[in-house]
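Enquirer: Next input, structure requested:
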Amino acid sequence: MTSSRPYLIRALYDWIVENQCTPHLLVDAVAPGTRVPTKYVEDGKIVLNVAPRAVAGLRLDNDWITFSARFGGAPMEVAVPVGAVLAIYARENGQGMMFTAEGGGDEPPPAPAQPDSRTGRPSLKVVK
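Expert: From the prediction side, this is the model:
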């Protein structure tokens, strides 16, 4: 199955904007392929304001997030692999979602269905 991360990012972005808030992305700035202004990177991370009024040409694709923006007055083309997004949240109230580090997927896969000893029908086990 494909990662749920890009779908969640798009949904939360829309929700934040529709509620007249400012969407911010917390990004792992040292992830391979990430192109962000290094001047604003702290502890390997950067916060990006991706509000419609702050960026141009925003694309929230399944693999990449890209846009143009100005940083300190200088224009830049930003590119972030979706796996490098650590969180998306509203600046005004902090509501949003944090993501686990990429590697094994967003969440563990469900355990294989095992027959229920009482009914003989498959049942799902919850993996924590």
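Enquirer: show me what contacts the most centrally placed residue in the chain?
Expert: Centroid-nearest residue in the chain: V85, 4.0 Å away (criterion: C-alpha atoms, centre = their mean). V85 is in contact with 5, 9, 25-28, 65, 99, counting by C-beta atoms under 8 Å, 6 or more residues apart in numbering. C-beta here means a position set from N, CA and C on the backbone, and glycine is covered the same way.
Enquirer: so which two of these are the farthest from each other?
Expert: I9 and D28 (14.0 Å; C-beta to C-beta).
Enquirer: These two: who's more crowded?
Expert: The neighbour comparison of I9 against D28 (other C-beta atoms under 10 Å) goes to I9, with 23 against 20.
Enquirer: Quick check: the more buried one touching A84?
Expert: No - look at I9 against A84 with C-beta atoms under 8 Å: they stay out of range, at 11.2 Å.
Enquirer: picking up where we left off before, please spell out the ChimeraX selection for the buried subset of the contacts of V85.
Expert: Listed next is the ChimeraX selection for buried residues among the contacts of V85, using 16 or more other C-beta atoms under 10 Å:
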select :5,9,25,26,27,28,65,99
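Enquirer: in this structure, which spans are strands?
Expert: Residue ranges of the strands in the chain, as given by DSSP state E, are 23-28, 45-49, 56-60, 64-71, 74-81, 85-90, 96-98, 114-115, 122-123.
Enquirer: Next, the angle strand 45-49 makes with the first one.
Expert: If I follow you right, that is strand 23-28. 160 degrees (axes from the mean of the first three to the mean of the last three C-alpha atoms, to 10 degrees).
Enquirer: Dump strand 23-28 to CSV, restricted to CA.
Expert: Coordinates of each C-alpha in strand 23-28 appear next as CSV, following Å, rounded to 0.1, in the frame of the first residue of the first chain:
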residue,chain,number,x,y,z
PRO,A,23,-0.4,26.1,7.4
HIS,A,24,3.2,25.4,8.4
LEU,A,25,5.3,22.4,7.6
LEU,A,26,8.1,21.1,9.9
VAL,A,27,10.6,19.6,7.6
ASP,A,28,13.7,17.4,8.0
